[in-house]
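Asker: Only the shape, not the letters, is given here:
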């Protein structure tokens, strides 16, 4: 399985080349094109054996699509092209056991069946932060395709970093995190316009997006005409 990324970072497109018999699981809304010899199955399953309950958990709690498409190369090799909903970058993280990758729900695009997905609770403060309540937890072996709004900045973290919750894409399991207020006092935190931030520390790989989709949506929404009743 080979990933080819084009048109980065503004309008990234991922073309995944599959050898005969190889299978890729992707978000149902991400398909752009594919060769005729690929067999496609749309189901509730995120991974063989996970069933409908696992898909419900990831879909409603993790932000992942309820449906997933499984592409299998039949007879000979083929390729499928994928793209995210928003304009931005894509990156491939090669997952190797026992490493885990924690993904902001809407940043997951695709992975082979050798990679499993589950959800990770962020805590009660995530209700107030305005971000996803859960991360997707990827584990197993194989490439994981991620997307971002804007460009992706990979960071080799060895220490501590504070970042806005809306700019997080993913991080590896050697990094710990907590959602906390931006300033010492609650009033200063909210007057600063930041409110809650994410404090991360430890050693590992961190992926950050250069634009915040929530803030972009709010800014754009103010300029749109009011809906007619």
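Answerer: That came through fine. For clarity, every value in this text was computed on a predicted model and none was experimentally measured. Residues are numbered from 1 along each chain as shown.
Asker: neighbours around residue 1, how many?
Answerer: Number of residues near residue 1 (other CB atoms under 10 Å) recorded here: 16. Glycine gets a C-beta too; all of them are placed from N, C-alpha and C.
Asker: what sits against the closest residue to it other than its chain neighbours?
Answerer: Counting by CB to CB, 6 or more residues apart in numbering, residue 22 is the residue found nearest to residue 1 once chain neighbours are left out, at 5.3 Å. Residues in contact with residue 22 (CB atoms under 8 Å, 6 or more residues apart in numbering) are 1, 72, 73, 77, 112.
Asker: Let's have those in JSON lines, adding distance to residue 27.
Answerer: Output for the contacts of residue 22, formatted as JSON lines (distance: CB to CB, whole Å):
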{"residue": "1", "distance to residue 27": "17"}
{"residue": "72", "distance to residue 27": "17"}
{"residue": "73", "distance to residue 27": "19"}
{"residue": "77", "distance to residue 27": "22"}
{"residue": "112", "distance to residue 27": "14"}
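Asker: could you flag which of the residues you listed are buried?
Answerer: Buried members of the contacts of residue 22, scored by 16 or more other CB atoms under 10 Å, are 1, 72, 73, 77, 112.
Asker: wait, the third one sits on residue 20?
Answerer: What that stands for is residue 73. Yes - distance between residue 73 and residue 20: 5.4 Å, which falls inside the contact criterion (CB atoms under 8 Å).
Asker: May I ask which helix or strand of this structure has the lowest mean pLDDT?
Answerer: The weakest-scoring helix or strand in the chain, judged by mean pLDDT, DSSP states H and E, is helix 125-129 (a mean of 42).
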